[in-house]
Each structure stands twice: as structure tokens, then as C-alpha cells.
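1. Please find the sequence and the predicted model below.
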Amino acid sequence: MGVVRGGSWSALALLPLIFLGGCEDPLPQVVIYCSHDRAHAESILRSFEREHRIRVLAVYDTEANKTVGLAERLRREKARPRCDVYWGNEPLRTIRLAREGVFEPYRSPSAAGIPRRFRSAEDLWCGFAARVRAIAFSPERTAPKELPGSLEELVDSRWRGMVAIADPRFGTTSSHLAALRSVWGADRYRDWLRQLRANDVQVVASNSATRDRVLSGEASLGLTDTDDIEVVRRRGESISASFFPEGGTFLMPNTVAVVSGAPHLERAKVLVDYLLSVEVEEQLAAGPSRQIPLRRDVRVPPGGLSLDALVLLEVSLEEAASALPEAVDEAERALIDPPDGETR
């Protein structure tokens with residue numbers, strides 16, 4: 001499978017070279033921009049190549065810049081698209097791109113059984129296999145009975161300086177914050193951010209760095225994604241995931257969309273059909289990322305997660321997408337910018 005490594009601008013600039021080099025490849029090609037973790041996505045795309053005899057040229061985002069770099073590239077390329085399919089690791093930026101005309105409608109037959117709330121009403125995108133936000137903790141250092149029952153308990157003084165969170169400007173952390181702002185309202189959201197800052201929250205580069213602070217003991221609690229926790233738990237690390245019985249847990253489906261003006265439109269549709277298949281949801285549910293099928297009839301392996309096992313945050317994804325810019329701006333000012341009167 002052809003790959004551009006990372007989502008930095010220098011790496012993304014290599015894409016035209018792949019096109020030129022690919023002229024000698026006897027297989028037809030399709031281009032996908034993928035913000036899902038390469039470790040989990042690559043095996044699925046390779047399986048697609050074997051089954052359909054279509055070469056996948058994949059561009060991946062970096063961990064620290066997750067979802068943002070590729071979204072900006074799609075905007076820049078809107079007039080002359082190079083990408084056929086976008087695979088997003090969360091729904092909010094996909095929704096915003098759809099509003100900007102980046103995608104074109106496609107109703108995949110593979111989407112049957114996926115609830116309507118996880119699909120665009122205009123068939124501009126469709127969700128599949130979700131992750132959820134969770135608290136990472138070490139059961140050796142923090143007893144389950146001591147864990148916070150809600151996000152707002154993270155500002156309790158007993159957790160002072162011992163809570164880690166990824167950079168709120170990027171990835172699923174920014175999406176989670178936007179969902180909270182849309183549910184809580186601006187005042188409650190901003191007050192919570194101020195209290196996190198006052199409680200000496202640790203802001204780190206990424207979700208995996210958040211998890212690693214918990215593994216090292218530098219933090220007792222880390223607000224991160226289930227897949228970041230699961231991959232190291234399966235390697236034998238002492239780490240567990242706690243969900244939020246009060247207020248609910250934020251569910252983040254993967255999303256897939258056909259790019260408007262896709263150079264390889266028919267192959268793009270074949271790839272979308274494949275990604276939305278029952279088999280891919282089962283593979284992601286059984287894999288090291290422990291993802292959650294959106295179809296209730298998809299087989300969940302022992303130890304896996306299902307929608308029925310979770311209390312979910314009741315949020316409109318459309319409203320959360322609208323709240324994203326304000327949520328990120330307010331989080332940056334509250335958690336990253338220096339206090340008033342100080343300089344960086």
C-alpha cells in the first residue's frame with residue numbers, strides 16, 4: 001500500500017511524487033486521507049487491496065496534529081481535489097467539511113443498519129465503529145471506588161496537579177470539549193476550564209502522551225480515548241479505563257466520505273462500501289483498539305465494548321460541530337495561554 005508518512009506539510013507535499021511513481025503500478029488506484037491511527041487503519045486498507053485489487057494510496061495525519069492537518073489540506077485542494085475518500089477519526093470536523101462543500105452525496109448500500117443519528121441527512125458522510133472518551137488510571141495506584149463519577153469532579157482539590165489532558169486545540173480532545181460546550185452552555189464550560197487551570201491540570205501533546213503520564217505515575221488520571229488505553233493494556237501494562245456514569249460518555253464514530261470531484265469516483269465508492277461493511281466493524285471491535293460497533297447486531301468479542309454497556313452523553317453532533325471553534329478558542333485561552341500579566 002502506498003503511504004505518505006505523517007501529516008506534516010513536508011510529508012503531505014510528497015503526494016504528487018507518489019502519483020508519478022504510481023504510473024508503473026498495474027493496479028488501479030484510489031487515494032484516501034486518513035486521520036484514524038495508522039496502526040489500526042493500515043491492515044484494513046491492505047485487506048481491501050487484496051480483495052478488490054485496487055491500490056490504496058494513503059496519507060495519514062500525525063498524532064499531535066490529528067484530524068486538523070488533513071482537514072486543512074482538503075480545504076486547500078477543494079478546487080482541484082487529489083483525494084478520493086476521507087476517513088475521519090471523529091465526526092465534528094467531517095461535519096464542518098461537509099458544510100463547506102468538500103464532500104459529495106453517496107448513499108452506500110453498506111450503511112444499512114447504521115442508525116440515522118450517525119449519518120448525514122444529505123448522505124455526505126457516514127459513521128462506523130466508534131471510540132469513546134474515558135479516564136485512564138492505574139488500578140495499582142488508584143482504587144476504582146475513588147474515581148470521579150463525572151468530568152466536573154476532575155477539578156476537585158484531591159486531584160490537584162494529577163490530571164492530564166491532551167492539547168485542546170487538536171484531535172478528539174477538541175471534539176470532546178466542543179460536545180461539552182454544546183451540552184453545558186458557554187458559561188458552565190468556561191467555568192470548568194478555569195477550574196481545571198486552577199487545579200494545575202497537565203496539558204500534554206497528545207492522547208497517547210496523556211496515557212503515558214498515567215503509566216509513569218506523573219498523573220493519576222488521564223482524559224483520553226479508549227483505543228489509547230487498550231493498546232497498552234493488551235501489552236500487560238497496569239492501566240484501565242473508567243467511564244462517566246454521571247453526564248455520560250462522549251461517543252466518537254469514525255466517519256467516511258467521498259470527496260467532491262474525486263479523481264477516481266467509482267473506486268472511491270467501492271472503498272467507502274468496504275469501510276462501512278459489517279466485517280470492518282467486527283474487525284475494529286476485535287482488534288487492539290477495542291472499537292464499538294454502531295450496529296447492534298455486529299458481533300462484539302469477549303471483553304469488547306458495546307453501545308448497550310455505556311451511558312452516553314446526549315449531544316447533537318451537528319450542534320457540537322458548530323461549537324468547535326469557540327470551544328477550542330476558549331480552551332486555548334484557559335489552558336494554554338499564560339495567565340494575565342505573564343508572557344510565554
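-> Great, that's in hand.

2. mind checking the end-to-end distance for stretch 273-292?
-> For stretch 273-292, the first-to-last residue distance is 19 Å (CA to CA, to the nearest Å).

3. now swap in stretch 304-319 and tell me
-> With CA to CA as the measure, stretch 304-319 spans 29 Å from end to end.

4. Over to stretch 196-216?
-> 21 Å.

5. what does it contact?
-> Stretch 196-216 is touched from outside by 63-64, 66, 136-138, 154-157, 159-161, 163-168, 171-173, 218-225, 228-229, 232, 237-239, 334-336, with contacts defined as CB atoms under 8 Å, 6 or more residues apart in numbering. In this view, the C-beta of every residue, glycine as well, is placed from N, C-alpha and C.

6. are any of those buried, and which?
-> Applying 16 or more other CB atoms under 10 Å to the contacts of stretch 196-216, the neighbour count classes 63-64, 66, 136-138, 154-155, 159, 163-168, 171-173, 219-225, 228-229, 232, 239, 334-335 as buried.

7. check contacts around Glu281.
-> Residues counted as contacts of Glu281 (CB under 8 Å, 6+ apart) are Phe128, Ala129, Gln291, Pro293, Leu294, Arg295, Val298.

8. Highest neighbour count among those?
-> Ranked by the number of neighbours (other CB atoms under 10 Å), the contacts of Glu281 place Gln291 first, at 30 neighbours.

9. Look up how far Arg75 lies from that residue.
-> 27 Å (CB to CB, to the nearest Å).

10. cool, and Glu326?
-> Computed with CB to CB, the distance linking Glu326 and Arg75 is 19 Å.

11. Torsion angles phi and psi at the residue nearest to Gln29 when sequence neighbours are not counted?
-> Nearest non-adjacent residue to Gln29, counting by CB to CB, 6 or more residues apart in numbering: Arg55, 4.6 Å away. Main-chain dihedrals, Arg55, degrees, to the nearest 10: phi -80, psi 130.

12. From Pro26, how far off is Arg55?
-> Here Arg55 is placed at a distance of 9 Å from Pro26 (CB to CB).

13. now do Asp228
-> For Asp228, the distance to Pro26 - CB to CB - is 39 Å.

14. Which of Glu326 and Arg75 has more residues huddled nearby?
-> More neighbours surround Glu326 than the other of Glu326 and Arg75, with 16 against 12 (other CB under 10 Å).

15. quick one: that one and Arg181 touch, right?
-> Yes. Under the criterion of CB atoms under 8 Å, Glu326 makes contact with Arg181 at 6.6 Å.

16. mind listing what the nearest residue to Ser277 once chain neighbours are set aside touches?
-> Using CB to CB, 6+ apart and skipping the chain neighbours, the partner closest in space to Ser277 is Ser110 (5.0 Å). Listed by CB under 8 Å, 6+ apart, the contact set of Ser110 reads Val272, Asp273, Tyr274, Leu275, Leu276, Ser277, Val278.

17. Now do the same for the second one: helix, strand or coil?
-> By that I understand Asp273. helix (DSSP: H, G, I helix; E, B strand; the rest coil).

18. still on that earlier bit, between Arg55 and Pro26, which one's more packed in?
-> Neighbour comparison, Arg55 and Pro26: the larger count goes to Arg55, with 18 against 6 (by other CB under 10 Å).

19. Quick check: the more buried one touching Arg46?
-> No. Taking contacts as CB under 8 Å, Arg55 lies outside contact range of Arg46: 10.7 Å.

20. residue ranges of the strands in the stretch 51-200 of the chain, please?
-> Under the criterion DSSP state E, counting those that start in this stretch, strands of the stretch 51-200 of the chain are mapped to 55-60, 85-88, 103-104, 126-137, 163-166.

21. quick one: average pLDDT of the third one?
-> Taken as a whole, strand 103-104 carries a mean pLDDT of 99.

22. shaky segments in the protein?
-> 1-25, 63-67, 340-344 (pLDDT under 70).

23. Quick check: closest non-adjacent residue to Gly304.
-> If the residues on either side of it in the chain are set aside, Gly304 comes closest to Ala285, at 5.2 Å by CB to CB, 6+ apart.

24. ok, the one you found touching Ile292?
-> Yes. Counting by CB under 8 Å, Ala285 touches Ile292, with 6.9 Å between them.

25. Comparing these two, which residue is more hemmed in?
-> A side-by-side neighbour count of Ala285 and Ile292, using other CB under 10 Å, places Ile292 first with 25 against 21.

26. Could you give the bridge partners of that one?
-> Ala130 (DSSP bridges).

27. and it, what does it touch?
-> So Ile292 contacts Ala129, Ala130, Arg131, Val132, Leu251, Ala285, Gly304, Leu305, Ser306, Leu307, Leu310 (CB under 8 Å, 6+ apart).
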